[in-house]
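Asker: The following block contains a protein sequence and its predicted model.
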Amino acid sequence: MKNDEKILEIKHLKKKYDDTVILNDININIYKGEVVVVLGPSGCGKSTLLRCINGLETIQEGGIYLNGEKISNQDKKMHFVRQKIGMVFQSYDLFPHLTIVENILLGPIKAQGRDKKDATQEAEKLLERVGLLDKRNSYPRQLSGGQKQRVAIVRALCMHPQVMLFDEITAALDPEMVREVLDVMLELAKEGGTMVIVTHEMQFARAIADRIIFLDQSRIIEESTPQEFFENPKTSRAKQFLNVFDFEVVKHSDSNK
């Protein structure tokens, strides 16, 4: 759960491609230990928001600040910023020619110059924590989608980020694999990790979030606690969005067959 230490500030952010506005006047504060879940329909700018935070996209107006220092559109600083803001994508992005432990160690050793022995010990502890220590010398092709996604989370954690961004990381997984990934994220939340999560998993969002941000048509439409958002949404647009996930179960008795 969050405290009063503000880590990330997004002020009047505007992002557009040519004449198409993707994000317009976005204002968000993220506090240490807080889990913020960003919800909204496809194409509303959720993933673009994460990419802006991590410097993968430039912005046209406003600013993004990490610990009070501006990080948006600061190309020379982004190498260091991405060590503090970890991001896990849908697609794992593991190098196929490297073993699992080699994939994890690439950043800590090459980018941060850390001692290989110490970094390896930490990587193995994290792999054990997510149930994958026995896969340390395997290659990505030998792992399931859920296992690869857990490795991607471990790789990001090994960089000691202050904030973790998760972009629809279960979207490409079979339903059986979704739970094993979500369990890891729930554990991170319990340990006080600061996270911004984009997801379509509504039950997971409700379970993990301290705060829900609902985006639509390039703007923040609603911002509230999970309980308020899911039980009593303030806007008609949020109600409409949530109704999509409510399915009536129709049961036919034998007599009607």
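Answerer: Ah, there it is. Residues are numbered from 1 along each chain as shown.
Asker: can we go C-alpha only for contacts and neighbour counts from here?
Answerer: Will do.
Asker: What distance do you get for the closest residue to residue 157 other than its chain neighbours to residue 141?
Answerer: Closest residue in space to residue 157, ignoring its immediate chain neighbours: residue 86 at 7.4 Å, by Cα to Cα, 6 or more residues apart in numbering. Remark: distance between residue 86 and residue 141 (Cα to Cα, to the nearest Å) = 23 Å.
Asker: Kindly report the same for residue 176.
Answerer: In terms of Cα to Cα, residue 176 sits 19 Å off from residue 141.
Asker: coming back round to it: which of residue 86 and residue 141 has more neighbours?
Answerer: residue 86 (22 against 13; other Cα atoms under 10 Å).
Asker: Identify the neighbouring strands of whichever strand or helix holds that one in the sheet and state each direction.
Answerer: According to DSSP states H and E, residue 86 maps onto strand 85-88. Using DSSP bridges, strand 85-88 pairs in its sheet with strand 163-167 (parallel).
Asker: What's opposite the residue nearest to residue 157 in the beta bridge?
Answerer: Counting by DSSP bridges, residue 86 forms beta bridges with residue 164.
Asker: Please tell me I have it right and residue 132 contacts residue 147.
Answerer: Yes - assessed by Cα atoms under 8 Å, residue 132 is found in contact with residue 147 at 7.5 Å.
Asker: What is the neighbour count of residue 102?
Answerer: Other residues close to residue 102 by other Cα under 10 Å number 19.
Asker: Retrieve the pLDDT associated with it.
Answerer: pLDDT for residue 102: 96.
Asker: Report all helices and strands that whichever strand or helix holds it contacts.
Answerer: Under the criterion of DSSP H and E, residue 102 resides in helix 100-106. Secondary-structure packing of helix 100-106 (3 or more Cα pairs under 8 Å, 6 or more residues apart in numbering; DSSP states H and E): helix 116-129, helix 145-157.
Asker: Out of these, flag the one nearest residue 187.
Answerer: Of all these, helix 116-129 sits nearest to residue 187, with 10.0 Å by Cα to Cα.
Asker: now the closest one, how far from the centre of its chain.
Answerer: Taking Cα atoms, centre = their mean, to the nearest Å, one finds the center of helix 116-129 at 22 Å from the center of the full chain.
Asker: which helices and strands does that helix pack with?
Answerer: Against helix 116-129 (3+ Cα pairs under 8 Å, 6+ apart) you get helix 100-106, helix 145-157.
Asker: From residue 119, how far off is the residue nearest to residue 157?
Answerer: 17 Å.
Asker: Which residue ranges of the stretch 1-150 of the chain form strands?
Answerer: Using DSSP state E, counting those that start in this stretch, the strands of the stretch 1-150 of the chain run over 6-17, 20-31, 35-39, 61-66, 69-70, 85-88.
Asker: Relative to residue 101, which of these is closest?
Answerer: Closest to residue 101 of those, according to Cα to Cα: strand 85-88, at 16.8 Å.
Asker: Would you mind finding the most buried of the strands of the stretch 1-150 of the chain?
Answerer: Of the strands of the stretch 1-150 of the chain, the one with the most neighbours on average (mean count of other Cα atoms under 10 Å) is strand 35-39, at a mean of 26.
Asker: And the average pLDDT for stretch 61-71 is what?
Answerer: In this model, stretch 61-71 has an average pLDDT of 94.
Asker: Could you list the alpha-carbon positions for it in CSV?
Answerer: Extracted C-alpha coordinates of stretch 61-71, given in CSV (Å, rounded to 0.1, in the frame of the first residue of the first chain):
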residue,chain,number,x,y,z
GLU,A,61,3.2,18.5,-24.1
GLY,A,62,3.5,18.2,-20.4
GLY,A,63,6.2,16.3,-18.5
ILE,A,64,7.0,13.1,-16.6
TYR,A,65,9.0,13.3,-13.4
LEU,A,66,10.8,10.6,-11.4
ASN,A,67,11.7,11.6,-7.9
GLY,A,68,11.1,15.2,-9.0
GLU,A,69,13.5,15.1,-12.0
LYS,A,70,12.1,15.4,-15.5
ILE,A,71,12.6,12.2,-17.5
